[in-house]
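K.L.:
Got a sequence here, can you build the structure:
(one chain, ligands or ions: 1)
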Amino acid sequence: MSPLAILGGTFDPIHLAHLAVAWEASELLDAEVRLMPAAVPPHRPPPIADATTRVAMLRAALCGQDRLLLDARELARGGPSYTIDTLAELRAEEGERPIVLLLGADAFAGLPQWHRWHALFDAAHIGVLSRPGGTHGWPAELAAEVAARSVADPRRLRERPAGMIVELDVTPLDISATRIRDLLAAGRNPRYLLPEALFGDPALLAPYRQS
Ligand code: ATP
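P.N.:
Down below sits the predicted model:
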């Protein structure tokens with residue numbers, strides 16, 4: 001069965017690296033990829049753009065292709081959006097279908113700070129997306145999980161619903177939402193770092209220009 005892969009994030013704003021790595025992950029895993037904006041990220045400062053604007057940016061960015069989809073369930077749920085709860089919900093819907101949680105290498109390195117992080121391996125596979133400037137070596141507790149669970153071939157994730165870790169060698173793109181927010185706040189125009197569609201509606205990028 002074709003896996004379901006999830007790329008969660010604040011998408012504040014969505015940028016071209018999000019789209020590129022999600023697209024490449026979809027190809028490498030032969031998976032449906034859903035971008036899932038987080039409502040109240042438990043472990044980081046609140047987003048600049050509100051949830052409605054971030055969803056509008058995602059919709060605009062995803063227009064015109066059908067490989068990457070939007071799943072806004074965490075915004076609908078309200079309260080802190082713990083990934084483990086979202087994965088439990090997806091598991092109830094998807095049965096034995098392999099589910100892959102996609103994480104940039106930076107996010108993966110921080111996994112031991114997540115709510116019930118060990119339980120994540122029972123709920124999903126993890127696909128680690130290479131990211132420039134990433135960490136060299138994982139924290140010890142994470143390294144133990146990597147040693148026990150790593151597979152080299154992304155296609156092996158089809159064998160089971162959850163529990164494996166695969167490093168996905170996507171094209172390194174040194175783009176971050178932080179950098180884009182800084183550029184916009186400084187009055188610059190990050191034209192070719194963002195999806196073209198975000199420039200079609202002035203309301204979408206206004207929150208960053210005013211902050
Ligand atoms: P910020 O700069 O605000 O922290 P970000 O650019 O990291 O934002 P997020 O919305 O936090 O974007 O990222 C969502 C997911 O996408 C995370 O797992 C993150 O690691 C991954 N990601 C973001 N940018 C890249 C990139 N350039 N290469 C690989 N993965 C990325």
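K.L.:
Residue 69 - that's part of a strand, no?
P.N.:
Yes. Judged by DSSP: H, G, I helix; E, B strand; the rest coil, residue 69 forms part of a strand.
K.L.:
That one pairs with what?
P.N.:
Beta bridges link residue 69 to residue 34 when assigned by DSSP bridges.
K.L.:
who does the top helix by length along the chain touch, helix- and strand-wise?
P.N.:
When secondary structure is assigned using DSSP state H, the longest helix within the chain turns out to be helix 16-29. Secondary-structure packing of helix 16-29 (3 or more C-beta pairs under 8 Å, 6 or more residues apart in numbering; DSSP states H and E): strand 4-9, strand 32-37, strand 68-70, strand 99-104, strand 125-129, strand 165-168. Bear in mind the C-beta positions are built from the backbone N, C-alpha and C, glycine included.
K.L.:
10 Å instead?
P.N.:
strand 4-9, strand 32-37, helix 51-62, strand 68-70, strand 99-104, strand 125-129, strand 165-168, helix 177-185 (3 or more C-beta pairs under 10 Å, 6 or more residues apart in numbering; DSSP states H and E).
K.L.:
In JSON lines, list the ones you listed along with distance to residue 207 and mean pLDDT.
P.N.:
Formatted as JSON lines, the helices and strands packed on helix 16-29 follow (distance: least, C-beta to C-beta, whole Å; pLDDT from 0 to 100):
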{"stretch": "strand 4-9", "distance to residue 207": "17", "mean pLDDT": "97"}
{"stretch": "strand 32-37", "distance to residue 207": "14", "mean pLDDT": "97"}
{"stretch": "helix 51-62", "distance to residue 207": "6", "mean pLDDT": "97"}
{"stretch": "strand 68-70", "distance to residue 207": "19", "mean pLDDT": "98"}
{"stretch": "strand 99-104", "distance to residue 207": "23", "mean pLDDT": "98"}
{"stretch": "strand 125-129", "distance to residue 207": "26", "mean pLDDT": "98"}
{"stretch": "strand 165-168", "distance to residue 207": "31", "mean pLDDT": "98"}
{"stretch": "helix 177-185", "distance to residue 207": "9", "mean pLDDT": "97"}
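K.L.:
Let's have the ones you listed in TSV, adding mean neighbour count.
P.N.:
Output for the helices and strands packed on helix 16-29, formatted as TSV (neighbours: other C-beta atoms under 10 Å):
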stretch	mean neighbour count
strand 4-9	23
strand 32-37	22
helix 51-62	19
strand 68-70	17
strand 99-104	24
strand 125-129	26
strand 165-168	20
helix 177-185	17
